[in-house]
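Colleague: Got a predicted structure plus its sequence, pasted below:
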Amino acid sequence: MSKILMKGNEAFGEAAVLAGCKYFFGYPITPQSELPHYMAKRLPEVGGVFLQAESEIAAINMVYGAAGAGARVMTSSSGPGISLKMEGVSYLAGAELPAVLVNVVRGGPGLGNIAPAQSDYFQATKGGGHGDYRLIVLAPSSVQEIVDLTAKAFDLADQYMNPVMLLADGILGQMMEPVELKDIKPNIPAKPWAVNGMKGRAYRNLIVSVHIVAEDNEKFNLTLQAKYDKIFQNEVLYENYKMDDAEFVMVAYGSSARLAKGAVDKAREKGLKVGLIRPITLWPFPSERLAEAATTAKAFLTVEMSLGQMVEDVRLAVNGVKPVYLYTRTGGMVPVVKDIVVELEKIVQGGGK
Amino acid sequence: MRKVFSKPASLSDKPFHYCPGCTHGIIHRLIAEVIDELNIKEEVIGIAPIGCAVFMYDYFDFDFLGGAHGRAPAVATGVKRVHPDKMVFTYQGDGDAAAIGTAEIVHAAARSEKITSLFINNAIYGMTGGQMAPTTLLGQESTTSPEGRSKEMAGYPIRLTEMLATLEGTVYAARVSVHDVKHIIQAKKVIKRAFEIQQKKVGFALVEVLSTCPTNWGLTPIEATKWLEQNMIPYYPLGEIKVPKEV
């Protein structure tokens, strides 16, 4: 198949449709609007439903209903809207329902702005909603990867019966790149647990997230933990970039990783042995890869478009073995390659922060 | 011997856990009888609420989905859009539908979702300990209006059914009560009609059921039925407010 030029936000939509997603419930917010626009046109063509909800809260609960009814279903939003969806995310995780959410992150906190940011990392990877649960979080860094990871998100959601978030940002949502839609096929498993009426079944189906007896809730949460352990063992994804002889290791994801790659190349032109580890799954986080890198690296530099959120996971993984430095821009500001290189040079000379 | 009475097939064998004199059990039974009579047990999907009826799915023998407080109409929307030929109903209390879930029920009605919405109004929050509800009457005591609800502090009780009846998308809106046998029989007819409207895919059908809460009202079961009749019905008048020509 030849390549076509697509905007990131539209690529989420087309990949979802190709993966068999027929239902989309959302509420308008910038900078993700092209995705619902695309779905409003596209889903009726495949016999699906696009519905604009009255709020993000309603949208995520429609997702909950459609997921419980056995459908592949998606919603998307950005920071403030994702905060509203967090109630539903906790219920999806508690009821073990598969669904895919897209967060095209913008500057925050509060209303912030509509410029690209990565400051929803904590919300995505550390909970966001209430209770003991985990969200699988995938972080594309190109439009092609938006396509590939969107298809993967639906498969992971069904496989693990868990909500999956695609964490992008305003750059990735708005940029256009050539993509290959490859041969994405709807890979939808049977869902004998779905609520769709008892006809043809000897038993009724029930989907809830309540375990009123504490002993039962603990038992259930331990089954969740066992599932999360399995995800952690099997689903970690990352990219190594010029890591073979790297003495200084940058860690960055999404749009920041694109800039970090540029900084690796520039630094190497200056003779610095720099490499990049790019987490593709933010949860499960590639902790083991970072721990391994810590045995040979001299220092780490995390580059983020936030005050420094992922850096906490990097420090946990490196566990004090080597220094972990941080370079950030925040509030919708984007790092530039030459500033990252300056930071690297400081670290090499022993003056990082 | 001729069998003249039995448990509806749509009810499970689990005994109701509700307080003595609470009318949730009566309303559950009416729903089960209607589902049996319409022969839709294998087609129906219930959306359970948060509140005293959070475990209502234990008492029925068909598919159920339980979601978040106030969100049942949104959850029902998701289910119904995936399965437009199945029968979907919601069951919400007054705090659920008329406070935290106001947006969800208003917009489900505005979209004319083809669901049956049951709104159980007992003028108080039951499960959480008798707090003031959006439907608590002026002067009515609750744990969060210990001197009685004052209009200066808490405004006025909401007549949700009349409010929703103003929307084009609400095709059927009615209020019934279950405080005595005559009204229970009437309530069943209305609930049945609300399911038949869904079968005909006409649009959003709402039935408000006035209900008792002797425990949190601080009354005996018999006193509670009288209190409902004397205090609630004058403010929440019974009857069909809106009926589509299709029925």
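Modeller: That came through, no problem. Numbers count the residues shown, from 1 in each chain, chains lettered A, B, ... in the order given.
Colleague: List phi and psi for the nearest residue to B:Ile222 once chain neighbours are set aside.
Modeller: For B:Ile222, ignoring the flanking residues on the chain, the nearest one in space by Cβ to Cβ, 6 or more residues apart in numbering or on different chains is B:Gly21 at 7.7 Å. From N, CA and C alone the C-beta is placed, and that goes for glycine too. Backbone torsions of B:Gly21, given as degrees, to the nearest 10, read phi 90, psi -10.
Colleague: what's the answer for the one 4 residues further on, then?
Modeller: The main-chain torsion angles of B:Gly25 are listed as degrees, to the nearest 10 and equal phi -60, psi -40.
Colleague: so how far is chain A from it?
Modeller: Here the criterion is Cβ to the nearest Cβ, to the nearest Å. By it, B:Gly25 lies 19 Å from chain A.
Colleague: swap in B:Ile124?
Modeller: 22 Å.
Colleague: Hmm, that residue is touching B:Thr215, no?
Modeller: No. Using Cβ atoms under 8 Å, B:Ile124 is not in contact with B:Thr215, being 9.4 Å away.
Colleague: okay, the two: which has more neighbours?
Modeller: Applying other Cβ atoms under 10 Å in any protein chain shown to B:Ile124 and B:Thr215 shows that B:Ile124 carries more neighbours, namely 29 against 19.
Colleague: need the contact list for the closest residue in space to B:Asp180 that isn't next to it in sequence.
Modeller: Nearest residue to B:Asp180, sequence neighbours excluded (Cβ to Cβ, 6+ apart): B:Thr225, at 6.5 Å. By Cβ atoms under 8 Å, 6 or more residues apart in numbering or on different chains, the contact set of B:Thr225 is B:Gly21, B:His179, B:Asp180, B:Thr212.
Colleague: how close does the third one sit to B:Cys52?
Modeller: Applying Cβ to Cβ, to the nearest Å, the value for B:Asp180 to B:Cys52 is 21 Å.
Colleague: and the two? which has more neighbours close in?
Modeller: Legend: neighbour count by other Cβ under 10 Å for B:Asp180 and B:Cys52, higher for B:Cys52 (23 against 13).
Colleague: tally of neighbours for residue 15?
Modeller: Going with chain A. Going by other Cβ under 10 Å, the residues that sit close to A:Ala15 add up to 26.
Colleague: nope, chain B please
Modeller: Neighbours around B:Pro15, by other Cβ under 10 Å: 9.
Colleague: hmm, back to that, which among the contacts of B:Thr225 gets closest to chain A?
Modeller: The shortest approach to chain A among these belongs to B:Gly21, at 23.0 Å (Cβ to the nearest Cβ).
Colleague: hang on, that closest one packs against B:Trp217?
Modeller: No. B:Gly21 is beyond contact range of B:Trp217, at 9.4 Å (criterion: Cβ under 8 Å).
Colleague: overlap in contacts of the two?
Modeller: Common contact partners of B:Gly21 and B:Trp217 (Cβ under 8 Å, 6+ apart): B:Ala224.
Colleague: ok, the two, which is more surrounded?
Modeller: Set side by side, B:Gly21 and B:Trp217 show more neighbours around B:Trp217, with 22 against 18, by other Cβ under 10 Å.
Colleague: Please identify which helix or strand holds the residue lying closest to that one once chain neighbours are set aside.
Modeller: Of all residues not flanking B:Trp217 in the chain, B:Ala224 sits nearest, at 5.7 Å (Cβ to Cβ, 6+ apart). Using DSSP states H and E, B:Ala224 falls within helix B:221-227.
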